[in-house]
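Engineer: Sequence unavailable; structure follows:
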């Protein structure tokens, strides 16, 4: 797109190319890409392979709407209970 956030590649299993290269990122085998559904998230493993990240979705039996806001929180940065390293660890663990 014009904003540089998406790229479109034409892939086929019969192509001479065996992997997809995108700039500074390590090459991804076409076999791995073609076996994933549209929108799948791939993460590079420590052994150099690529693994699809699957997010599980828990469905609640009953939906209850809660009307809350954060006006009671102090505006002096004391409301954050996680340290920067804990936030970084959570992002690493939960991202896709």
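Structural biologist: Cool, the structure landed. Computed from a predicted structure; not experimentally measured.
Engineer: what's in contact with stretch 77-85?
Structural biologist: Contact partners of stretch 77-85, identified using C-beta atoms under 8 Å, 6 or more residues apart in numbering, comprise 70, 73, 90. All C-beta spots, glycine's among them, are computed from the backbone N, C-alpha and C.
Engineer: Over to the second one. Which of the three states is it?
Structural biologist: Here residue 73 takes the coil state, with states given by DSSP: H, G, I helix; E, B strand; the rest coil.
Engineer: for the first one, same thing?
Structural biologist: Taken by three-state DSSP, the conformation at residue 70 corresponds to coil.
Engineer: Show the low-confidence segments of this protein, by residue range.
Structural biologist: Scanning the chain for pLDDT under 70 picks out 1-4, 12-17, 56-63, 79, 96.
Engineer: Can you show me the strands along it?
Structural biologist: 19-20, 28-29, 41-44, 50-53 (DSSP state E).
Engineer: residue ranges of the helices in this protein, please?
Structural biologist: Listed in chain order, the helices found in the chain under DSSP state H are 30-34, 84-94.
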